[in-house]
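**Q** Fold the stuff below for me.
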Amino acid sequence: MKPVDMAATDINAEYLGVPRLSLMENAGRAVAEEIGNAVDGGRVAVFCGSGGNGGDGFVAARHLLNMGFDVEVQLLSHPERIGSEEALVNWKVLGAMQPHPGGFRVEVVRDSSEINPPDADVVVDAILGTGVRGSLREPSRSAIEIINRSDAFRVSVDIPSGLNPETGAVDDIAVSADLTVTFHRMKDGLKVADPAVTGEIVVRDIGIPPAAEIFMGPGDLMRIPSRSPGSHKGENGRVLIIGGSRQYSGAPAIAAKAALRAGADIVMVAAPESAARAIRSLSPDIIVRELDGSYIGMESLDEILELAEKSDSVLMGCGAGRETSTARTFLRVIGDLHEMEKPLILDADALRLMDYSDVSEYRELTVTPHMAEFRSFFKLKSMIFDDFRERVSAFQSISSRIMGTVLLKGRIDMIFQGDRSRLNKTGCPGMTVGGTGDALAGLTAGLRSLGLSSFDSASLAAFINGMAGELAMEKYGNGFTASDMLDMIPPVMDMGFYGF
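**A** The predicted structure is shown next:
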């Protein structure tokens, strides 16, 4: 499990109603119980950082005291720098327990000269968690050296401090633990790390429900990469949308606006001249390239491929119509983009003009069908299932006929890629209005252009699109439009939204 997966799961658990404070309590108690299983009483020194890992240490200290251990806690930071709300709550609990008549002491270490070398039977490393990156700073680095010099039984909380949680490498120095107590699932770095660093590894359940990993939630927004302060125009995603026809100009325009709302810097729509002028009039933010003819045809193939080569992701199909010439052109474009390994999203008419056999080997592909398009694309007859689990299993098996990602839109969205799957429950009845599917496709393309995988971009797009629909319904009622919904995308994507 990657650190971002664990962080997202924590937030999603709270979104489901399980407070992170409860998860921290369960984690700290688990550490104390494992220490109790390993040693028979004695003195315990707990070194704590200012993040959530330190909060786990605060809780463990309290439980160890209840178990009869003498406990000393050293906070390697000023209390004002405690960055986790849950850790701060547990720090205040320790403060309220002072002065303590028994074997319990709490100290604040502001620099390495103030660290007390432990005279203890057990030393607990609760300094740095899985979210920490970069070089070690003082007093954490000195504390790790002191812990490693100790003859005590050394226990690391979640991951040994200094160990890279993704790669298992030690870039500078890391705690050499005798025991690592990690939570919920084994971390990727622990799987490949030197056993001399991790010691014995115990994975403890802390009460995270399986639904926190199955259903999309606000924690998954952490997967969206942050922008570099020094980036320039176009460095944060270029999207090409190929669509539109004489009858349909709104669909590609809505998709383009959604891609911009997702964070893409530049969005271009390549549309036949019959639709291009209308699209241009709908928004000054969209770059429009006029293609010859009333429909997308082979005469525009070279121009489309030239534009696609300069793009980070390509969305094809919105409002394109189902002309035979359009089908031939799309097939040629798909073949060339497959060779380029270009991220491609197929939606709407593109899913009706071809089937899964045309794209089965395309790894960088995402398809976004509703149920009727799903049946058409995979050449299926009517399907009847007795229960939800059976339906999900069947749809995943069908989706595995292609190597790309399938985002099956519905009351509960289903996202599949190989043996991976996510579900999304956001959305509302008002989203039956036209254009919401185009917004979803545009969001997927926009997120894909930022560097997200096909699976993550599709999963996040489903969550964001559905939540934007819910917010639009709260504001406008059932009469909201897809354009109204687009304005709700930024609030959903705002990191402050984790307050739910």
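**Q** and the residue nearest to I242 when sequence neighbours are not counted, what does it touch?
**A** Closest residue to I242 apart from its sequence neighbours, by Cβ to Cβ, 6 or more residues apart in numbering: M316 at 4.5 Å. Quick note: C-beta positions are derived from backbone N, CA and C, even for glycine. The neighbourhood of M316, defined by Cβ atoms under 8 Å, 6 or more residues apart in numbering, consists of 241-243, 330, 333-334, 344-347, 350.
**Q** Helices - which of those land there?
**A** Within the contacts of M316, residues falling in helices by DSSP state H are 330, 333-334, 350.
**Q** Which one of the contacts of M316 is nearest to G41?
**A** I345 (60.7 Å; Cβ to Cβ).
**Q** Of the ones in helices among the contacts of M316 - the most surrounded one?
**A** Among those, A350 has the most neighbours (other Cβ atoms under 10 Å), with 30 neighbours.
**Q** Surely that residue touches V333?
**A** No - look at A350 against V333 with Cβ atoms under 8 Å: they stay out of range, at 9.6 Å.
**Q** Show me what the residue nearest to I242 is bridged to.
**A** I242, L346 (DSSP bridges).
**Q** now it: how far from S161?
**A** 48 Å (Cβ to Cβ, to the nearest Å).
**Q** who touches V39 in this structure?
**A** 121-122, 153.
**Q** quick check: longest helix of this protein.
**A** Assigned via DSSP H, the chain shows its longest helix as helix 454-476.
**Q** who's in contact with P343?
**A** 312-314, 364, 366, 448-449, 454.
**Q** again, 6 Å this time
**A** Listed by Cβ atoms under 6 Å, 6 or more residues apart in numbering, the contact partners of P343 are 313, 364, 448.
**Q** Same check on L21?
**A** Counted by Cβ under 6 Å, 6+ apart, L21 has contacts E86.
**Q** Okay, and it sits in which element?
**A** Counting by DSSP states H and E, the element that carries L21 is helix 20-38.
**Q** again with L423
**A** Going by DSSP H and E, L423 is in strand 420-424.
**Q** Run through the neighbouring helices and strands of that strand.
**A** strand 413-417, helix 454-476 (3 or more Cβ pairs under 6 Å, 6 or more residues apart in numbering; DSSP states H and E).
**Q** Return the helix or strand harbouring E72 as CSV; C-alpha atoms alone will do.
**A** For E72, the host element (DSSP H and E) is strand 70-75. Extracted in CSV, the C-alpha atoms of strand 70-75 (Å, rounded to 0.1, in the frame of the first residue of the first chain):
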residue,chain,number,x,y,z
ASP,A,70,6.8,3.4,33.6
VAL,A,71,6.6,5.8,30.6
GLU,A,72,8.6,8.8,29.4
VAL,A,73,7.4,10.8,26.4
GLN,A,74,9.7,13.2,24.5
LEU,A,75,8.1,15.5,21.9
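**Q** who does it touch, helix- and strand-wise?
**A** Counting contacts by 3+ Cβ pairs under 6 Å, 6+ apart, strand 70-75 packs against strand 43-48, helix 52-66, strand 104-108.
**Q** tell me the secondary structure for Y248?
**A** coil (DSSP: H, G, I helix; E, B strand; the rest coil).
**Q** Which secondary structure elements does the worst-scoring helix or strand of the chain on mean pLDDT sit against?
**A** Ranked by mean pLDDT, DSSP states H and E, the weakest helix or strand in the chain is helix 273-282, scoring a mean of 92. The contact analysis (3+ Cβ pairs under 6 Å, 6+ apart) places helix 273-282 against strand 287-291.
**Q** Quick one: mean pLDDT for the strand it packs on?
**A** For strand 287-291, the mean per-residue pLDDT is 97.
**Q** Any chance you could list what contacts that strand?
**A** By Cβ under 6 Å, 6+ apart, strand 287-291 touches 268-270, 272-273, 276, 279-280, 300.
**Q** circling back: nearest approach to N26 belongs to which of the helices and strands packed on strand 70-75?
**A** helix 52-66 (8.6 Å).
**Q** buried set for that closest one?
**A** 52-65 (16 or more other Cβ atoms under 10 Å).
**Q** sorry, back to before: which ones among the contacts of P343 are found in helices?
**A** R448.
**Q** Name the member of the contacts of P343 with the most neighbours.
**A** R448 (31 neighbours).
**Q** That residue and S313 touch, don't they?
**A** Yes - between R448 and S313 a contact is recorded at 4.1 Å, counting by Cβ atoms under 6 Å.
**Q** Pull the CA coordinates from stretch 244-262 and hand them back as CSV.
**A** The C-alpha trace of stretch 244-262 is given here as CSV (Å, rounded to 0.1, in the frame of the first residue of the first chain):
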residue,chain,number,x,y,z
GLY,A,244,-19.1,18.1,-32.5
SER,A,245,-21.2,17.9,-35.6
ARG,A,246,-23.9,19.8,-37.4
GLN,A,247,-26.5,18.8,-34.8
TYR,A,248,-24.3,18.9,-31.7
SER,A,249,-22.1,21.7,-30.5
GLY,A,250,-22.9,21.9,-26.8
ALA,A,251,-21.4,18.5,-25.8
PRO,A,252,-17.7,19.2,-26.7
ALA,A,253,-18.1,22.7,-25.2
ILE,A,254,-19.3,21.3,-21.9
ALA,A,255,-16.5,18.7,-21.9
ALA,A,256,-13.9,21.4,-22.6
LYS,A,257,-15.1,23.5,-19.7
ALA,A,258,-15.0,20.5,-17.4
ALA,A,259,-11.4,19.8,-18.5
LEU,A,260,-10.5,23.4,-17.6
ARG,A,261,-12.2,23.1,-14.3
ALA,A,262,-10.2,19.9,-13.6
